[in-house]
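Peer 1: Model the following, please.
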Amino acid sequence: MDAVNITGLQRAAQTYQKDFMLLPYALLIPVLQELKISMLEVNNKDIVIVKERAGGAARPYVAGANNYKNEISRLIERELQTYRAVAPIKDNITNYSTKQVLFDASKNKVNNQSKQHPLERDIIADIITTVGEDIIDCLFHAVRNVSDQTPQGMANGFYTIADALIVAGEISTPKGNLVACGDLTAPANATDLTAFNSLRDWLRNIDPKWRQKNAVLYIPYSALINVKDSLENKKTSYKDVTFASLLTQLQEDCGIPNLQMVSHYCLGIGDRLMLTEPGNLDLGMNTFGDAGFVQVRSPFEDPNEIQFWNQFEIGMRIKNLNKRGFMMSDGSVTGNELSGDYTGSGANLGA
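Peer 2: From the prediction side, this is the model:
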């Protein structure tokens, strides 16, 4: 039996490389911009120094009796650790022998002599697109765990990092960066203002020195809808509340003129809130500078099988935890897994 001719697949990886290399950017960059997340090129580890300046240096002069202050600032290291992740995919060209749905049968059907894959370009594009969606899905909820062979095991997401910092005491009520929030549930009736009032009261806990600066509120869509519906009960002029009018009302009621709101499916479902400075969240990856984002490897013992291999490193970081640039609520949230159009292999073209 002749070996599989994978020349075409390797050619696709080279010929279309520039197109494919744009796909991760095209998919990730708009989402990261919406989420106000900075993307860094990181090899294994990156450390930033966050400087916090001590206050209260000035005092009345008393001759010969001045107590010298021994600290003007402190330096805090915040580490971003990347972890190796892969997207290993194996396909068999015979899966397409009787399938003529996605390609022109007269031109692209399986050729048993050349054994060239009929969907070579589409598969590479799909791999990159799916990996990009997997990265978005794991940004907040993932927990690094090699035993979890899903996107949620790739790295520690922002909520996971925050949970560890709460345990360590770096995010806490005494520090002012962990603040309880009231119920954000759906209104029980036409006069229930609970959800809006809860969010308004929570935001009013922002540190006075941060109030006039930029602040981004991360709020799950389910909670945001409850707040919006609650505001409609506030007065008759808000029977048609828009997200823009809700934001304006919060800006005015809370005295945060530069408040922004982010509600993306990757935040999950629940009532956990996070308020932070734009750019305080980092995503580190090493892949975008690599020459071959997807490798097409020689076949295994089965000459009809072709292996696609995508390898990269990924990690997340919260830089500043000071109450003048970061605040979380005590709520809970569960993640969505919305990568692709289905999960598992039950819908395989060759099934």
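Peer 1: pLDDT-wise, which helix or strand of this protein ranks last?
Peer 2: Among the helical and strand segments of the chain, the one scoring lowest on mean pLDDT, DSSP states H and E is helix 105-108, with a mean of 50.
Peer 1: For the stretch 251-351 of the chain, which segments are assigned as strands?
Peer 2: Using DSSP state E, counting those that start in this stretch, the strands of the stretch 251-351 of the chain run over 259-262, 269-270, 274-276, 281-285, 295-297, 305-318, 326-328, 333-334.
Peer 1: May I see the buried residues of the following helix or strand past the least confident helix or strand of the chain?
Peer 2: Remark: after helix 105-108, the chain's next helix or strand is helix 120-138, criterion DSSP states H and E. Buried residues in helix 120-138, counted by 16 or more other C-beta atoms under 10 Å: 120-121, 123-125, 127-138. Every residue, glycine included, has its C-beta placed from N, CA and C.
Peer 1: Which strands or helices does helix 120-138 pack on?
Peer 2: Judged by 3 or more C-beta pairs under 8 Å, 6 or more residues apart in numbering; DSSP states H and E, helix 120-138 is in contact with helix 7-15, helix 17-34, strand 83-92, strand 305-318.
Peer 1: Compute the distance between Val167 and Ile49, please.
Peer 2: Taking C-beta to C-beta, to the nearest Å as the measure, Val167 falls 23 Å from Ile49.
Peer 1: ok, now Arg78?
Peer 2: Using C-beta to C-beta, Arg78 is found at 8 Å from Ile49.
Peer 1: contacting residues around the residue nearest the centre of the chain?
Peer 2: The centre of the chain sits closest to Leu139, judged by C-alpha atoms, centre = their mean, with a distance of 3.0 Å. With contacts defined as C-beta atoms under 8 Å, 6 or more residues apart in numbering, Leu139 is in contact with 35, 37, 157-158, 266, 283, 316.
Peer 1: Turn those residues into JSON lines, columns for pLDDT, neighbour count and distance to Thr334.
Peer 2: Formatted as JSON lines, the contacts of Leu139 follow (pLDDT from 0 to 100; neighbours: other C-beta atoms under 10 Å; distance: C-beta to C-beta, whole Å):
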{"residue": "Leu35", "pLDDT": "92", "neighbour count": "21", "distance to Thr334": "18"}
{"residue": "Ile37", "pLDDT": "91", "neighbour count": "20", "distance to Thr334": "21"}
{"residue": "Gly157", "pLDDT": "93", "neighbour count": "22", "distance to Thr334": "12"}
{"residue": "Phe158", "pLDDT": "95", "neighbour count": "25", "distance to Thr334": "15"}
{"residue": "Cys266", "pLDDT": "90", "neighbour count": "23", "distance to Thr334": "12"}
{"residue": "Leu283", "pLDDT": "91", "neighbour count": "23", "distance to Thr334": "21"}
{"residue": "Met316", "pLDDT": "92", "neighbour count": "24", "distance to Thr334": "18"}
